[in-house]
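Asks: Quick one, fold the following:
(chains A and B)
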Amino acid sequence: MHAKWWKVALFGLLTGLLGFFALGQQFPRSETLYISGAAWGPPSDWNPFITWSKANTSGTVGLIYEPLFFYDPLRDELIPWFAESGTWKGENLFEVKLREGLTWQDGVPLTAEDVAFTFELGKKYPAIWFSPMWDYLESVVAVGDRYVEFSFKGTPLYQEFENNLYNIAIVPKHIWEGRTEEEIASGANENPIGSGAYRYHSHSSDRNVYVRNEDWWGIRLLGLKPAPKYIVDIRFASNNVALGSLLKGELDLSNNFLPGIAALVEQGYVKTYLPEPPYMLSANTAVLFLNTTKKPMDDPAFRKALAHAINVDDIIKYAFAGLVERANPTGLLPTLSKYVDREVVEELGFTYDPEKAKMILAEAGYADIDGDGFVEAPDGSKISLEVTCPYGWTDWMEAIRVIAQSARAVGIDLENKTPDYGAWNTALVSGTFDMTLNNWASLSNTPWTLYNLLFNHPIRDTMGSGNFGRYDNPEAFDLVDELAATPVWDTEGMQAICSRIQRIMLTDLPMIPLWYNGLWYQYNDAVWTNFPSAAEDTPHWLPCTWAGYWQMGGLHALFELKPAG
Amino acid sequence: MKRYLTRKLAIYILTFFLAVTIDWVIPRFMPGDPVQTMLSRANLRAEAVEVMRGYYLKAFGLDVPVWRQYLNFWVAVFHGDLGVSVYLFPKPVSRVIMEAVPYSLALLIPATVLSWIAGNKFGAFAARRKWLDNTLLPVGYLLNATPYMWLGILLAWAFGIALGWFPIAGAYGFDRTPSLSLGFILDFLWHWFLPFASLFLVQFGGWAIGMRNMVIYELEADYSQYLEALGTPRGLIRRYAFRNALLPQITGLALQLGVIVAGSVVTEIVFSYPGIGYLILQAIQNQDYFLIQGCFLFIIIGVLLANLVVDIVYIVVDPRTRRGMMGES
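Replies: As a prediction, this is how the structure comes out:
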């Protein structure tokens, strides 16, 4: 009897204690935007200078910290952000004028000193991602509170510079100047204080929470105010859970790849940017890299035959359920189509044509000598190749299956293999693969971003950031360098260089652009309405919450949202 | 007593050394280079990649020969430094683990202790009771033979997806932040229930069957027969049988600990429960040497410690062991 009394008393006490604490803090549904699709791992840092982990805290740049400019890919224009304007005063001098009355989230004024300080971090510390800019930057000087002068030695790499203008997040000098190199280059920067429209609220291993900055300068100076008070950015355990959540209206905006979404759009359960195939905008180009240091991929005729052999429509149908578009043979995204030389594409472009592929192979001396159904090289040696992508990337796994099947259909012995990400990555950068898929050039304001991936040079032991097939062509490399140093306002000059690059690329085909990966985006407007879409009566912004996309329309989409009902 | 403990301790230390060495070696046999993998996620100009690669190889201590890395590792371990996670850079591994441990323990300890107690009670109760025995036996065998992962998936499907009673992922809802409030605790328990239940059920089946068999064995033993012949009440005989049958179950617990921990690892993965097990999966997928090492180091220490505790408990509850050691010393 005694024991039971004791238990009842304890239980009563515990319940009393629980009741004593207020009910849990909860984000009111009508003021909270639930998003997902950016993070692949738990949040670990809010340091805008660590770039590879930013997907996991994608709001760090764009929501918390801000760059000088934003960029709108749909209209192809830089949006002056807390810079009021940026002007080239001659070829070697760029002047930025800041808006008046800018403040950091802690109330301290944001001045030209902060901008100069941030850029100079790259000069001091080579481990900061933008430090190679200082190869051509001479100085960044604050003139008064509102002007910053960038002066250059020699010809600046205009393309990269402009790209960096909307990617380098400015940090507050008064907080960062006391920090060590290690803290700046690789510190976690917990409880970040930026200048942006949202503050850091909290995080756990599967989410980031941001809360609106009610004192944001943009409310005063731009008259813009993001609608949701809270943003909860969720990392779902799997895409199925994300889909379920979206259908139930618990999730508002999803940037996950959800293969079955087309059917759900047709039935009206969720909405996408475009009402019909491919439903999605394009975000980057999936390129088949061919290892040009290996036989027979060193033979342009073989590469060309392969390009004609691959059935991209089947890839789109089976791997992506119609959610992507076939890429232009130049690989340039639709937003950069003004740099595509249509004549070159007309003359040298490739389409799916297995008969032509067989013909090219036969002409170049590839024939099936031993009668196994697959061609041998002109010197009689057997050809047996592999096409790879990392294990678990289900859409790409299906894509390389189609590629291998297409190649075998024209007599090329090609097998699809899916190693672990680590093994795949090692083979990629050390050049031991035969053929592999890659899409590392992100959506950008300049065609140089793609060409920097495709024709990355010089050829080194480890090719960590492009040209994985080690295509060695000094002429192409020079053209890419020339493009990098072409002023951004010289559209015609850029077009002329791009045209020459495209001629080389399509003649030699060192790599084969296949399709545009989508900017996956689906939304449920049960709680929030007025999401961006192609429809006329809705806003047109890039509706994306991935790292680096908040400043390309993601934040602007939030300004336009309206509470439902 | 002293000799017994020193011998046990020596075995534990040797086991620890070997296990940790294996733990250090295995991740390094994985193909790939974690720093390169990490950097390739940032799309940079070639010059920047080279510089940063050098910087981070040094930061992670991967720029020295392998034997040196191994020595450095032991020195660091004894300083309580488990290194910095690559995947969650720049977070120290010890902090990553400390954040995950409460979730793992919240599953493991209640599931193990409750299933052991309940399983033993129920097994003893069911032994020699015909209708219970006929139902318990098959169900118990079925549960015990079910892989943790499979039962987890089954429960998630039945109660999470088909019936929709419980969430199937995460430790608490997306509309909450951790706090000591009734709302949060209820939400936490709601998310906790399914992973707990799947761990509990598998173990419960095992203990119940073990106990049932042991009790039947003890009831057949001479002393029980003798007591029965003397006319002792059945309840008393059963109590003696139970206490005797409990001893092998304690040994069983020590032997099973490793399996249980492995079970909790897969259960966490099934339910995306943010404990050590879920962390291990992510660490392996991202080739995070230091995090893999740290997680396994934690598990090794945990399992060894738990074994030690069971060893000591055994001495306390079994007078024969105690007497045996007295005689020895």
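
Asks: What parts of the stretch 401-550 of chain A come near chain B?
Replies: Proximity of the stretch 401-550 of chain A to chain B, by CB under 8 Å from any CB of the partner chain, involves residues A:419-426, A:428-429, A:440-442, A:452-453, A:456-458, A:460, A:462-466. (C-beta placed from N, C-alpha, C; glycine too.)

Asks: buried subset of these?
Replies: A:419-426, A:428-429, A:440-442, A:452-453, A:456-457, A:462-466 (16 or more other CB atoms under 10 Å in any protein chain shown).

Asks: Out of these, which sit inside helices?
Replies: A:Y421, A:G422, A:A423, A:W424, A:N425, A:T426, A:L428, A:V429, A:N452, A:L453 (DSSP state H).

Asks: and of those, the nearest to chain B?
Replies: A:G422 (2.4 Å; CB to the nearest CB).

Asks: confidence score at the closest one?
Replies: Here, the pLDDT recorded for A:G422 equals 81.

Asks: Next, the contact list for it, please.
Replies: Neighbour list for A:G422: B:M30, B:P31, B:G32, B:D33, B:P34, B:T37, B:Q287 [criterion: CB atoms under 8 Å, 6 or more residues apart in numbering or on different chains].

Asks: The same query, at a cut-off of 7 Å, please.
Replies: Counting by CB atoms under 7 Å, 6 or more residues apart in numbering or on different chains, A:G422 touches B:M30, B:P31, B:G32, B:T37, B:Q287.

Asks: got it, and A:F70?
Replies: A:I79, A:W81, A:Y166, A:Q551.

Asks: Quick one: the helices in the stretch 101-250 of chain B, in order.
Replies: B:130-145, B:148-155, B:182-220, B:222-230, B:234-270 (DSSP state H, counting those that start in this stretch).

Asks: which residue is nearest the centroid of the chain?
Replies: No chain in the question, so chain A it is. Residue closest to the mean C-alpha point of chain A, counted by CA atoms, centre = their mean, is A:S442 at 4.1 Å.

Asks: That was the other one, I meant chain B.
Replies: B:V261 (2.1 Å).

Asks: is it true that that residue touches B:I301?
Replies: No: the criterion here is CB atoms under 7 Å, and B:V261 misses it with B:I301 at 11.4 Å.

Asks: Return the residues of the stretch 51-200 of chain B in contact with chain A.
Replies: Applying CB under 7 Å from any CB of the partner chain, we find that the stretch 51-200 of chain B lies next to chain A at B:51-53, B:55, B:59, B:87-91, B:169-170, B:174-177, B:179-185.

Asks: If any of those are buried, give me the PyMOL selection for them.
Replies: Typed into PyMOL, the next command selects the buried ones out of these (criterion: 16+ other CB under 10 Å):
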select buried, chain B and resi 51+52+53+55+59+87+88+89+90+91+169+170+174+175+176+177+181+182+183+184+185
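
Asks: on that earlier part again, for the contacts of A:G422, which single residue is the most surrounded?
Replies: Neighbour counts for the contacts of A:G422 (other CB atoms under 10 Å in any protein chain shown) peak at B:Q287, which has 26 neighbours.

Asks: Would you quantify the distance from that residue to chain A?
Replies: From B:Q287 over to chain A the distance is 5 Å, taken as CB to the nearest CB, to the nearest Å.

Asks: thinking again about what came up before, output the helices of the stretch 101-250 of chain B in JSON lines; the columns should cover mean pLDDT and distance to A:S58.
Replies: Formatted as JSON lines, these follow (pLDDT from 0 to 100; distance: least, CB to CB, whole Å):
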{"stretch": "helix B:130-145", "mean pLDDT": "82", "distance to A:S58": "43"}
{"stretch": "helix B:148-155", "mean pLDDT": "87", "distance to A:S58": "31"}
{"stretch": "helix B:182-220", "mean pLDDT": "89", "distance to A:S58": "25"}
{"stretch": "helix B:222-230", "mean pLDDT": "90", "distance to A:S58": "68"}
{"stretch": "helix B:234-270", "mean pLDDT": "85", "distance to A:S58": "25"}
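
Asks: how near is A:E536 to A:P278?
Replies: For A:E536, the distance to A:P278 (CB to CB, to the nearest Å) stands at 20 Å.

Asks: just A:M435 next, same as before
Replies: Taken as CB to CB, the span from A:M435 to A:P278 is 25 Å.

Asks: What of A:E214?
Replies: A:E214 is 39 Å from A:P278, by CB to CB.

Asks: Those two - which one has more neighbours?
Replies: Neighbour comparison, A:E214 and A:P278: the larger count goes to A:P278, with 21 against 10 (by other CB under 10 Å).

Asks: How about the more buried one: what's its closest non-neighbour residue?
Replies: A:E325 (4.9 Å; CB to CB, 6 or more residues apart in numbering or on different chains).

Asks: Contacts only, for that neighbour.
Replies: Neighbours of A:E325 in contact, by CB under 7 Å, 6+ apart: A:P278, A:S282, A:W515, A:Y516.

Asks: The stretch 151-300 of chain A against chain B: which residues are in contact?
Replies: A:S186, A:G187, A:A188, A:S202, A:S205, A:D206, A:R207, A:V232, A:I234, A:A237, A:V241.

Asks: The nearest residue to the second one once chain neighbours are set aside: what secondary structure?
Replies: The shortest distance from A:G187 to any non-neighbouring residue, by CB to CB, 6+ apart, is to A:N47 (5.7 Å). Secondary structure assignment for A:N47 (DSSP: H, G, I helix; E, B strand; the rest coil): coil.

Asks: Does A:N47 touch A:E190 like I think?
Replies: No: judged on CB under 7 Å, A:N47 makes no contact with A:E190 at a distance of 9.3 Å.

Asks: Compare the two (neighbour count), which wins?
Replies: The residue with more neighbours, out of A:N47 and A:E190, is A:N47; 25 against 11, by other CB under 10 Å.

Asks: what's the distance between the closest residue in space to A:C544 that isn't next to it in sequence and B:W74?
Replies: Distance criterion CB to CB, 6+ apart; nearest residue to A:C544, sequence neighbours excluded, is A:G554 at 5.0 Å. Counting by CB to CB, the separation of A:G554 from B:W74 is 47 Å.

Asks: One more: A:F531?
Replies: 55 Å.

Asks: now A:Q26
Replies: For A:Q26, the distance to B:W74 (CB to CB) stands at 47 Å.

Asks: Of those two, which one has the most company?
Replies: A:Q26 (16 against 13).

Asks: which non-adjacent residue is nearest that one?
Replies: Closest to A:Q26 by CB to CB, 6+ apart is B:D175, at 5.3 Å.

Asks: How is chain A partitioned into domains?
Replies: With domains defined by automatic domain parsing, chain A comprises A:45-186, A:198-276+A:520-563, A:281-518.

Asks: ok, the residue nearest to the centre of chain B - contacts?
Replies: Counting by CB under 7 Å, 6+ apart, B:V261 has contacts B:I299, B:V303.

Asks: how near is it to chain A?
Replies: Distance, B:V261 to chain A, by CB to the nearest CB: 20 Å.

Asks: gap between that residue and B:W192?
Replies: In this view, B:V261 and B:W192 are 18 Å apart by CB to CB.

Asks: Please give me every residue in contact with the closest residue to chain A within the stretch 1-150 of chain B.
Replies: Of the residues in the stretch 1-150 of chain B, the one nearest chain A is B:G32, at a distance of 2.4 Å by CB to the nearest CB. B:G32 makes contacts with A:D420, A:G422, A:A423, A:N425, A:T426, B:Q287, as judged by CB under 7 Å, 6+ apart.

Asks: How about it, nearest residue that isn't a chain neighbour?
Replies: A:G422 (2.4 Å).
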